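>>> Structure for the following, please:
(one chain, ligands or ions: 2)
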Amino acid sequence: MKLVIVEDSELIRNQLAHLLAQQPRFSIIGTATEEGEAVNLILSTNPDAVLLDLSLAPGSGVQVLKRIREAGCGARVLILTNNTGQALRLACEELGANGFFDKTLEYETCLEKLNAWLPPLPGNEARRLEMLHGTHLLDTQEQEVFDNLTRLAAEIADVPIALISLVDADRQWFLSHTGTSLRETSRSVSFCAHAILRNEMLEVPDALADPRFQDNPLVIGATHIRFYAGVPLVLASGEALGTLCVIDDKPRQLSDTQRRALKTLASSAIAEIELRRRIIYLEQESERRRVAEAHILHLATRDPLTALPNRATFRDRLDQHVRFALRRNANLGVLFIDLDGFKPINDTLGHDVGDDALVIVAERLNACLRGSDTVARLGGDEFAVVLPDISGSAEALQVAGKIIAALEEPVLAKGHKLHLSASIGASIFPEHGRLGDQLLRHADLAMYRAKQSGGHRSCLYSKELSDRAEEMQALDNDLREGLKRDELLLHFQPQTVLGDGKLCGVEALLRWRHPHFGILPPDHFIPLAEQRGFISELTRKALDLALAQLKAWDVSGFHVPKMAVNISPSEIRADFPDMVEAALARHGLDPHRLELEITESTLTADGIETMQMLNHLRALGISISVDDFGVGYSSLAQLHRLPIDCLKIDRSFIQDLETSACDRAIVQAVITMADALGLRTVAEGIEKEEQIGILENLGCQCAQGFFVCRPAPASEAETWMRNFLAAGEAP
Ligand code: C2E
Ligand code: CA
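Ligands and ions are numbered 1, 2, ... in the order given. Presented below is the predicted three-dimensional model:
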């Protein structure tokens, strides 16, 4: 309800303003302190109600009332007075005052009087308003379909005015208005606000005879409503949004036929409104679906971590670029990027850090490339780039160099400063392939070569790489077949106690009897099996053959104290000790008879997991020796923390022992430290007699090497060992 306050006392004005400010259904649209000002304000703003003080200076409230009524203003007037004399009341009522408020009383009384002029709110008001606003009909242009309905309603009811009124929070807005140019009124004066309280038609035959409306500004003011009939427009869900109503300035009544006709027109109006709601719903639904589809498309085509295109999208784009390059007779480059040493970051610092680093890498790649280039994450730490329209391989390698340089800058991931590097392979269209798939495969092969050459570099594809890959594939197939066909066998190399004529044990060394190439040493096939992920089958085989041989020697009464078996770095898995334990049990052997050799780099590379696995193995009674000791990166000072039993001093320190004082000093240091820590020492690769003497002097415990005995099949190794022991036993 829009209010004007006419009051010359600032104190009272403020009190009223304060009181009404807390009432959401009232708003003060103006205040005046004197007569002329008040009349102008009221006539220009057309408020719903006026709070009018009678004693104004200058002027009089009675005069204000008289003048506004004469000008046709129907606003309800509440007289503010200290003088409740009957004569004055009657005079004011005569002039059209609607109520009196005694300023000496509580101000809440004033509020009660104003509230009585407001139409009550329906019980479902909040939901009703929500539905009304959801129609998106408020404040729209006139629409033919609704105007036809009100025109027909006016005609049928034979009245000057017919409306479709939508009752908003504090106004009624006319969706259609036949017979008046008015588009809205305040809700407080609205007949329709009463009509929506019920499900039936509200018919007011004579407004002046109805206590709800007789002082309504639209009744006593310019519109002069006398007759009103409104059919509520109720949605199927039960909310009445407004009415279809007819209005006359004469009192009257509708015939039954007219009533039925108005109800039918109201049904048409509500059907039309429901239809609009349905259309809006469908539009919203289709928008929601569009957004959802875009999201799904994003998920399907993008890598969720870096938001770069994923592998499938990359393949698509690559194919497009290839077709384009073919038409334009242009060159095109493909880069395959793999980060060096990324796995340990994930393993030791956690995936959060790894993920963060990958996001930064993606940003750096983007920064190195042009808008027309496509960079994608293929998965894990692999990325790929298409360079459309390049001059040739030199340019592709130049971009690769730029990427390598960009990744040299340390990466700050979750507070960790990481030094990353990348290996990059490049292939060029059409020189290295005419199909996207082929180009990517060739770039991958070239990347692999870059990695094998030490990483942190780029490499261009060449035909030899494919040839080599094919050879490897053939070998891979042969090896898998060979495993099944029992082509794998062991040679054994004895280890002897220096200066004592006794045996320490034997080392089992794997061989492959290839159907065409004959006996192959392990470096021809172990790296391959490691790369291709089936090394554990080889380890299992070697372990089984070694333990079977040890048992066979036991059974034949020939005692070999220990069997040493080599294991690959990739065996660092939680289930490995169980596999070893099961193999020992299968052959009925004491775990103390088995020694596992792991390289120094394995020991130092993979922190906690390795330590746990080694501790587990040692707890079973199996001993651990460090193979090729001295070439890795472990410092002597670190040794005491490692769960190991034996150091095998690398051949490179032994081979020049007799001539190199430096090597002697190193070997001496290793032996001294090992002794202090209670570790056994084995010198590997002894090829000369002099070396035996030096090692003995230096305090090394065991010897292994061609000079002692070459690795040989079981029977030969056995013969050698029997002879060796027999000689040692001789007086
Ligand atoms: P390794 O563990 O260092 O094994 C010793 C290698 O040195 C053997 O080569 C042996 O033949 C060779 N060797 C022994 N004494 C001398 C010597 O006096 N002079 C020279 N020049 N060489 C000597 P092999 O048998 O070719 O084995 C090569 C590597 O293959 C082994 O190095 C080991 O790392 C790996 N390997 C062998 N068998 C297995 C296995 O069953 N599993 C795994 N994972 N790796 C194995
Ligand atoms: Ca070894």
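
>>> sec struct for the residue positioned nearest the centre of the chain, please.
Residue closest to the mean C-alpha point of the chain, counted by Cα atoms, centre = their mean, is Pro304 at 6.2 Å. Three-state secondary structure (criterion: DSSP: H, G, I helix; E, B strand; the rest coil) places Pro304 in coil.

>>> and it, how far is that from ligand 2?
Noted for Pro304: a distance of 44 Å to ligand 2, by Cβ to the ion, to the nearest Å. For the C-beta atoms, the positions are set from N, CA and C on the backbone; glycine is no exception.

>>> for Asp628, same thing?
For Asp628, the distance to ligand 2 under the criterion Cβ to the ion works out to 7 Å.

>>> Could you verify that that residue is part of a strand?
Yes. When three-state DSSP is applied, Asp628 is found to be in a strand.

>>> was I right about it contacting Glu684?
Yes. Because the distance of 7.5 Å satisfies Cβ atoms under 8 Å, Asp628 is recorded as touching Glu684.

>>> Settle it for me: which of these two has more neighbours?
Counted by other Cβ atoms under 10 Å, Asp628 and Glu684 do not tie: Glu684 has more neighbours, with 23 against 19.

>>> mind listing what the more buried one touches?
With contact set as Cβ atoms under 8 Å, 6 or more residues apart in numbering, Glu684 has these partners: 628, 648-651, 654, 704-705.

>>> Not including adjacent chain positions, what is the nearest residue to the residue in the stretch 251-400 of the chain that ligand 1 sits nearest to?
For the stretch 251-400 of the chain, the residue positioned closest to ligand 1 under Cβ to the nearest ligand atom is Lys343, at a distance of 19.4 Å. Distances taken as Cβ to Cβ, 6 or more residues apart in numbering place Asp381 nearest to Lys343, at 7.8 Å, with adjacent residues excluded.

>>> And Asp373, by the same measure?
In space, and not counting its chain neighbours, Asp373 is closest to Leu387: 5.4 Å by Cβ to Cβ, 6+ apart.

>>> Does that neighbour belong to a helix, a strand or coil?
With three-state DSSP as the basis, the three-state label of Leu387 is strand.

>>> Give me the next element, helix or strand, following the worst-scoring helix or strand of the chain on mean pLDDT.
With mean pLDDT, DSSP states H and E as the measure, the helix or strand of the chain carrying the lowest mean pLDDT is helix 600-605 (a mean of 73). Toward the C-terminus, helix 600-605 is succeeded by helix 607-620 as the next helix or strand (DSSP states H and E).

>>> what comes into contact with that next one?
347-348, 572-574, 576-577, 580-581, 584, 591, 596, 598, 602-603, 624, 642-645.

>>> Go again with 6 Å.
Residues external to helix 607-620 that are found in contact with it (Cβ atoms under 6 Å, 6 or more residues apart in numbering): 348, 572, 576-577, 581, 591, 624, 643.

>>> How about stretch 434-443?
Where contact means Cβ under 6 Å, 6+ apart, the residues beyond stretch 434-443 that reach it are 318-319, 322, 334, 336, 425-427, 429, 432-433, 461.

>>> Also stretch 133-151?
Outside stretch 133-151, the residues that reach it (Cβ under 6 Å, 6+ apart) are 162, 164, 173, 175-176, 178, 265, 268-269, 272-273, 276-277, 280.

>>> Who wins on neighbours among those?
Neighbour counts for the contacts of stretch 133-151, by other Cβ under 10 Å, peak at Ile164, which reaches 30 neighbours.

>>> Adjacent strands (with direction) for the strand or helix carrying that residue?
Mapping Ile164 onto the secondary structure by DSSP H and E places it in strand 161-167. For strand 161-167, the paired strands and their directions (DSSP bridges) are strand 171-178 (antiparallel), strand 240-248 (antiparallel).

>>> how much distance is there from the top helix by length along the chain to the middle of the chain?
Ranked by residue count and defined by DSSP state H, the top helix of the chain is helix 256-301. Offset of helix 256-301 from its chain centre (Cα atoms, centre = their mean, to the nearest Å): 33 Å.

>>> That one: what's the following helix or strand?
Scanning forward in sequence from helix 256-301 by DSSP H and E, the next helix or strand is helix 311-328.

>>> which is the next helix or strand following that next one?
If you walk from helix 311-328 toward the C-terminus, the next helix or strand you reach (DSSP H and E) is strand 332-339.

>>> Which other helices and strands does that following strand contact?
Helices and strands in packing contact with strand 332-339 are listed as strand 382-388, strand 422-429, helix 436-452; criterion 3 or more Cβ pairs under 6 Å, 6 or more residues apart in numbering; DSSP states H and E.

>>> Domain-wise, how is this structure divided?
Using automatic domain parsing, the domain ranges for the chain come out as 2-117, 125-280, 325-461, 539-723.

>>> which residues touch stretch 180-198?
Contact partners of stretch 180-198, identified using Cβ under 6 Å, 6+ apart, comprise 1-2, 48, 118-119, 122, 161, 165, 167, 170-174, 202, 216-218, 228, 230, 232, 240, 242-243, 245.

>>> returning to that earlier point: burial measure for the residue of the stretch 251-400 of the chain closest to ligand 1, as a count.
Tallying neighbours of Lys343 according to other Cβ under 10 Å, which is how burial is gauged here, yields 13.

>>> same question, Asp102
Other residues near Asp102 number 14, with proximity taken as other Cβ under 10 Å.

>>> Which pLDDT value goes with the residue in the stretch 351-500 of the chain that ligand 1 sits nearest to?
Closest approach between the stretch 351-500 of the chain and ligand 1, counting by Cβ to the nearest ligand atom: Gln493, at 5.7 Å. As summarised for this prediction, Gln493 has a pLDDT of 98.

>>> does it have beta-bridge partners, and which?
In this entry, Gln493 is beta-bridged to Glu507, by DSSP bridges.

>>> burial count for it?
Applying the criterion other Cβ under 10 Å, we find 21 residues in the vicinity of Gln493.

>>> hang on, isn't it packed against Ala508?
No. Gln493 sits out of contact with Ala508 when judged by Cβ atoms under 6 Å, with a separation of 8.4 Å.

>>> Tell me where the stretch 351-500 of the chain has strands.
Using DSSP state E, counting those that start in this stretch, the strands assigned to the stretch 351-500 of the chain run over residues 374-379, 382-388, 411-413, 416-418, 422-429, 457-460, 488-497.
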